[in-house]
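K.L.:
return a 3D structure for these sequence lines:
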Amino acid sequence: LDQCRQRAATLLGAESSERVIFTYSGTDGLNMTLAGFCRRGDHVITTELEHNSVLRPLRYLSENRGVEVTRLSPRADGRVEPIDVQAAMRPNTRLVVVQHASNVTGAIQPIADIGEVVRAGRSRFLVDAAQSAGHLPIDLSKVPVDVLVSPGHKGLLGPLGTGVVCLRAGFEHELEPLR
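P.N.:
Numbers count the residues shown, from 1 in each chain. Model prediction:
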């Protein structure tokens, strides 16, 4: 497990292997992060392009925990522009959630630029890398991403029933444990 953690950390540019958490799947990692991080009165920005593993937990949090959710529409090319994220930011925006690449549209989101906007707004940035991890270069040491989640069985070539969550140092103290 330690060797696998180290390999994942190296591949994704995580600060250390201690920043890598294994989960039951990418969906499990997304649910763990969303449910463990978002609190009543928080505002979350996401896109209309997200997978149900993001949209359904956010709908639950909106309907049952008082979390406000803004869903941004993509531009004609399928990309969400950082300026649109910036315009949607509020004082209570706690989290921005964006998928890195879409298996439906093929659009690759500008996560480095979106991350800069999120960081300037003093919020946190969650990237769903289900379609990109292992296929596109991701270097968490160079992009302002607080949490990156991926299933193990797609581009990482791991077995079904596995997932990876990479946390920026300190973020783990902001998560409420679910189990």
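
K.L.:
can you list the residue ranges for helices in the protein?
P.N.:
2-12, 26-37, 52-65, 82-88, 111-120 (DSSP state H).

K.L.:
give the buried residues for the third one.
P.N.:
Within helix 52-65, the residues that qualify as buried are 53-55, 57-58, 61, counting by 16 or more other CB atoms under 10 Å. For the C-beta atoms, the positions are set from N, CA and C on the backbone; glycine is no exception.

K.L.:
mind checking how far the lengthiest strand in the chain is from the chain centre?
P.N.:
Assignment by DSSP state E gives strand 93-99 as the longest strand of the chain. Remark: strand 93-99 is offset 7 Å from the chain centroid, using CA atoms, centre = their mean, to the nearest Å.

K.L.:
likewise stretch 117-132?
P.N.:
With CA atoms, centre = their mean as the basis, stretch 117-132 stands 6 Å off its chain's centre.

K.L.:
please apply the same query to stretch 47-66.
P.N.:
With CA atoms, centre = their mean as the basis, stretch 47-66 stands 13 Å off its chain's centre.

K.L.:
just the buried residues of helix 52-65 now: which is nearest Ala112?
P.N.:
Closest approach to Ala112 among the buried residues of helix 52-65 (CB to CB): Val54, at 19.9 Å.

K.L.:
ok, the closest one to Ser25 distance?
P.N.:
Going from Val54 to Ser25 by CB to CB, to the nearest Å gives 13 Å.

K.L.:
cool, Glu176 as well?
P.N.:
In terms of CB to CB, Glu176 sits 20 Å off from Ser25.

K.L.:
how about the nearest residue to Arg59, chain neighbours excluded?
P.N.:
Closest residue to Arg59 apart from its sequence neighbours, by CB to CB, 6 or more residues apart in numbering: Val69 at 7.5 Å.

K.L.:
burial measure for that neighbour, as a count.
P.N.:
18 (other CB atoms under 10 Å).

K.L.:
surely it and Glu63 touch.
P.N.:
No. Using CB atoms under 8 Å, Val69 makes no contact with Glu63, being 9.9 Å away.

K.L.:
can you tell me the number of residues neighbouring Arg124?
P.N.:
22.

K.L.:
before we move on, what about Gly170?
P.N.:
Other residues near Gly170 come to 8 when the count uses other CB under 10 Å.
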